[in-house]
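# the sequence and its predicted three-dimensional model are supplied below.
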Amino acid sequence: MKYGGFFVNDFWKSGDKLCLKCAQEIPAVEDFAIVLVDVQTKKEILFSQADIAVSEDMIELTITTVLEQLLSEEGRWEVYLRTEKMMYRFETVMNKGRKRYPNGKKVIPYKVKKSKNPYDMSSQVKDAFGGQGKELSLLPRFTKDGQMMFQVLSTRYIYLYRYFLKVEKLYLEDGKITLVLGKETFGFHVKRVKLYLRGATTREYYLEKISDSVYQISLDDVDWHPFFWDFFAEVEKDGVEYKFRLRNYKKGFGGSIRQRMGDNYLFSYHTQNDNIILYYRPYSEYDAEKYRRREKLAVLLYRMFKPFWDMRGIVLLYEKFCKCAQDNAYYMFLYYMNKGGRDKRNTYYVIDPREPDVKQLEGYEKNVLKFMSLRHMIYLQAAKLLMSTDSIKHAYQWRGINTPIYNKMVTKKSVFLQHGVMALKKVEYIYRKSGGNKTDLFIASSPIEQKIISEYFRYRKQEIPITGLARWDALKDKQKENIILFMPTWRNWIMEVGTEQFLQTEYYQAYMEILGSKRLETMLKQYNTKMVFCMHPKFREFIGEFKTAGEHIQLFDYSSKPINEQIMEASMMVTDYSSVSWDMYYLGKPVIFYQFDYDRYMEVQGSYIDMTKDLFGDRVLTSDELMEQLEYYMSNGFKEKSKYADMRDEFLPCRDGQHCKRIDQAIQTRLFTEES
């Protein structure tokens with residue numbers, strides 16, 4: 001089935017009908033059907049022909065028949081006109097002529113210009129079906145990229161996509177947060193303003209109404225917890241209450257709240273969607289006033305000598321939180337320093353000088369920027385390109401406030417070098433093109449991965465060069481003794497927990513069962529093998545909570561050596577869903593996937609490939625199965641099974657040690673030449 005767009009000039013509600021004014025010829029009634037497709041489940045609801053009326057350039061859909069099915073639960077439905085060979089998505093006429101993804105299902109995102117009246121979005125959203133007296137309502141609307149959506153949501157929220165209230169001021173004075181609203185209320189009466197912790201139902205507080213537009217709350221009246229605190233206005237019309245979001249579209253506005261509270265820090269912030277929120281997190285040394293002064297000086301110096309800085313064509317490379325030098329960005333940096341490809345005098349690596357990995361950069365001191373130094377701040381403003389294994393925001397203070405440097409940084413061109421291969425863990429919600437971590441080039445390792453990134457992350461294929469990972473240039477088999485590297489990945493449902501909570505998780509208990517196994521210790525001793533357990537960096541703080549059964553099972557020390565060195569020295573790997581397994585597979589060494597929590601992982605996280613049949617290693621679900629596979633490989637000298645070796649050409653077509661060269665060629669061809 002092919003996809004395309006069916007364009008409409010306008011749509012509106014008329015009684016129990018949705019009227020669509022079409023911008024193109026309407027097929028004969030017997031030739032098409034109107035279909036709703038659930039975004040998550042792909043379930044379909046078909047309009048009967050009796051509910052479709054066509055006249056000249058109009059289509060009228062009687063909603064009554066499908067409404068009962070739709071209002072059974074919250075969800076989002078795409079709206080299609082289906083013929084024998086095509087699925088046409090209903091879209092705004094502004095999409096006519098716009099480029100589409102290869103299958104035609106989605107349009108290429110573009111930067112939407114902000115409306116002259118950004119608080120009134122009624123051109124994109126119409127009245128809801130269901131409404132008063134109903135718990136749920138059906139809201140027809142256009143998405144950001146102009147595609148029609150039927151959204152089923154709580155009746156209280158039906159105006160969230162239609163109107164916003166303006167935040168005129170947001171400040172802290174005498175221990176009280178003061179919020180001042182604009183006067184435009186679109187005919188609604190503002191009853192209350194609420195502050196609540198995102199994702200929690202028990203931490204919400206109403207601000208005291210001082211006047212018609214002024215609301216206050218004391219810092220001491222809130223039980224502050226990390227991370228995001230949202231504002232909502234509860235408004236009333238015709239005896240029914242609704243909720244509005246609060247925004248301010250003034251460039252760079254995020255309020256003026258900056259307050260240290262013991263070991264934590266509270267500040268106001270504007271999100272990617274221009275919503276105004278409060279951010280509460282642990283205090284960082286970079287929140288200190290000296291860094292604010294340094295930022296101001298860096299902004300001044302950059303603006304004074306802007307032509308000089310900009311003409312240099314500065315490129316910055318960095319890794320997670322600017323704390324590491326052992327992944328793809330590090331190897332791209334070495335490539336530029338030693339093999340060329342660009343002017344190395346204006347290529348710099350950013351790292352915290354206190355980190356152990358600084359020793360990896362010895363000999364290149366002139367091309368190393370100290371993280372959060374004045375020089376770093378100036379060069380970040382001037383940079384022509386940012387290259388990283390992580391999102392663009394890792395180039396500066398993590399979870400920092402909206403500052404001129406931060407705001408300029410997120411507009412830079414960037415190359416996402418990746419930390420691994422996109423296959424075993426769904427992360428498009430982090431790295432999708434329409435999100436806050438979008439990039440200009442998204443490095444891929446194979447046509448399979450390129451297709452995943454195009455379909456799920458919504459990048460064009462020309463933005464996804466197939467090069468392989470930069471660090472693979474350095475991969476060599478350095479095995480000198482029998483070592484099993486045990487590397488589990490993180491879980492998004494265990495993030496930001498304390499030690500006590502972590503110790504109660506299935507994750508901790510499952511790995512403690514293995515590390516504390518006397519059977520495993522005996523096998524390792526019998527086959528003269530040791531196991532090295534390497535905790536994911538996101539959970540590194542808990543490594544001290546793990547105990548081993550004997551001297552043949554060791555805990556990996558990140559300060560002792562780079563992780564890729566440990567991979568090259570290993571005989572095989574045990575993981576769960578970690579993308580680092582591809583490095584081991586690249587080396588032709590066996591991999592075991594221990595997936596004890598597979599059902600929950602697939603429900604919460606998900607995978608881009610079918611891990612029940614498409615993995616390049618043995619898949620086990622229990623500790624007993626894991627022990628059996630480990631003994632098999634130890635007894636046969638860690639020889640990879642032929643069925644997995646035969647898959648390598650499809651999964652890893654680039655294995656010639658020229659990955660950095662291909663990445664650089666892709667950058668020169670697809671980024672720099674656009675401006676030359």
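Sure thing, it's come through.

# flag the shaky bits of the protein, pLDDT-wise.
29, 109-115, 131-132, 251-252, 340-342, 671-676 (pLDDT under 70).

# isn't Glu631 right up against Met523?
Yes. Using CB atoms under 8 Å, Glu631 is in contact with Met523, at 5.7 Å. In this view, the C-beta of every residue, glycine as well, is placed from N, C-alpha and C.

# can you tell me the element Glu168 falls in?
strand 164-173 (DSSP states H and E).

# which strands and helices lie in contact with that strand?
strand 176-181, strand 240-247 (3 or more CB pairs under 8 Å, 6 or more residues apart in numbering; DSSP states H and E).

# which ones are touching Ile553?
Ile553 makes contacts with 515, 520-521, 524, 530-531, 533, as judged by CB atoms under 8 Å, 6 or more residues apart in numbering.

# okay, and the residue nearest the centre of the chain sits in which element?
With distances taken as CA atoms, centre = their mean, Ile430 lies nearest the centre of the chain, 0.5 Å away. Assessed by DSSP H and E, Ile430 sits inside helix 428-431.

# would you mind writing the CA trace of that helix as CSV?
What follows is helix 428-431 as a C-alpha-only set of coordinates in CSV (Å, rounded to 0.1, in the frame of the first residue of the first chain):
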residue,chain,number,x,y,z
GLU,A,428,12.9,7.8,19.0
TYR,A,429,11.2,9.8,21.7
ILE,A,430,14.7,11.1,22.6
TYR,A,431,16.3,11.5,19.2
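
# separation between the spatially closest residue to Lys99 that is not a sequence neighbour and Tyr586?
Among residues not flanking Lys99 along the chain, Ile108 sits closest, at 4.4 Å (CB to CB, 6 or more residues apart in numbering). Separation of Ile108 from Tyr586 (CB to CB, to the nearest Å): 33 Å.

# those two - which one has more neighbours?
Set Ile108 next to Tyr586 and count neighbours by other CB atoms under 10 Å: Tyr586 wins out with 21 against 15.

# the more buried one touches Pro653, doesn't it?
No. Tyr586 lies out of contact with Pro653 (CB under 8 Å); the separation is 11.4 Å.

# picking that back up, dump the helices and strands packed on strand 164-173 into TSV; add distance to Phe142 and mean neighbour count as well.
Shown next, in TSV, are the helices and strands packed on strand 164-173 (distance: least, CB to CB, whole Å; neighbours: other CB atoms under 10 Å):
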stretch	distance to Phe142	mean neighbour count
strand 176-181	27	20
strand 240-247	18	18
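
# closest one to Tyr159 among those strands?
strand 240-247 (5.0 Å; CB to CB).

# didn't Ile158 look like it was pressed against Ser137?
Yes. Using CB under 8 Å, Ile158 is in contact with Ser137, at 5.1 Å.

# SS state for Arg192?
Following DSSP: H, G, I helix; E, B strand; the rest coil, Arg192 is assigned to strand.

# tally of neighbours for it?
Arg192 sits with 15 neighbouring residues when counted by other CB under 10 Å.

# so what's it bridging to?
Here Arg192 sits in beta bridges with Glu234, going by DSSP bridges.

# doesn't Phe593 fall inside a helix?
No. Phe593: not assigned to a helix; according to three-state DSSP it is strand.

# how about the longest helix along the chain: buried residues?
When the chain is parsed with DSSP state H, its longest helix is helix 289-304. For helix 289-304, the neighbour count (16 or more other CB atoms under 10 Å) marks 291, 294-295, 298-299, 301-302 as buried.

# again, but for stretch 594-609
So stretch 594-609, judged by 16+ other CB under 10 Å, has buried residues 594-598, 601, 605, 607-609.

# among the residues you listed, which two are most distant?
Pairwise distances across the buried residues of stretch 594-609 (CB to CB) peak at 20.8 Å, for the pair Phe596 and Tyr608.

# all the strands of the stretch 251-400 of the chain, in order from the start?
With strands called from DSSP state E, counting those that start in this stretch, the stretch 251-400 of the chain shows them at 258-261, 264-270, 276-282, 315-318, 347-351, 368-370, 385-388.

# pick the most deeply packed of those strands.
strand 315-318 (a mean of 28; mean count of other CB atoms under 10 Å).

# relative to that one, what are the paired strands and their orientations?
Assessed with DSSP bridges, strand 315-318 is paired to strand 347-351 (parallel), strand 385-388 (parallel).

# looking at the ones you listed, which is nearest to Lys243?
Among the strands paired with strand 315-318, the nearest to Lys243 by CB to CB is strand 385-388 (37.5 Å).

# show me what counts as buried in the helix or strand immediately after that closest one in the chain.
The first helix or strand that comes after strand 385-388 along the chain, using DSSP H and E, is helix 404-409. Of all the residues in helix 404-409, those buried under the rule 16+ other CB under 10 Å are 404-406, 408-409.

# doesn't Lys17 make contact with Phe47?
No. Contact criterion CB under 8 Å: Phe47 and Lys17 do not qualify, at 11.6 Å.

# picking that back up, show me the contacts for the residue nearest to Lys99.
Neighbouring residues of Ile108 by CB under 8 Å, 6+ apart: 98-101, 460.

# then Met332?
317, 387, 417, 470, 660, 663-664.

# make it 10 Å
Shown in contact with Met332 (CB atoms under 10 Å, 6 or more residues apart in numbering): 315, 317, 341, 347, 349, 387-389, 415, 417, 443, 469-471, 473, 659-660, 663-664, 667.

# would you agree Arg619 falls within a helix?
No. Arg619: not assigned to a helix; according to three-state DSSP it is strand.

# quick check: phi and psi on Ala50?
Backbone torsions for Ala50, taken as degrees, to the nearest 10, come to phi -70, psi -20.

# ok, it - contacts?
Contacts for Ala50 (CB under 10 Å, 6+ apart) come out as 62, 65.

# got any residues that touch both of Tyr586 and Pro653?
445, 468.

# near Glu640, how many other residues are there?
Neighbourhood size, Glu640 [other CB under 10 Å]: 20.

# can you tell me the SS state at it?
Under three-state DSSP, the three-state class of Glu640 is coil.

# hmm, it is touching Tyr633, no?
Yes. If you go by CB atoms under 10 Å, Glu640 and Tyr633 touch, sitting 8.9 Å apart.

# pull up the overlap in contacts between these two.
Among the neighbours of Glu640, those also in contact with Tyr633 (CB under 10 Å, 6+ apart) are 572, 589-591.
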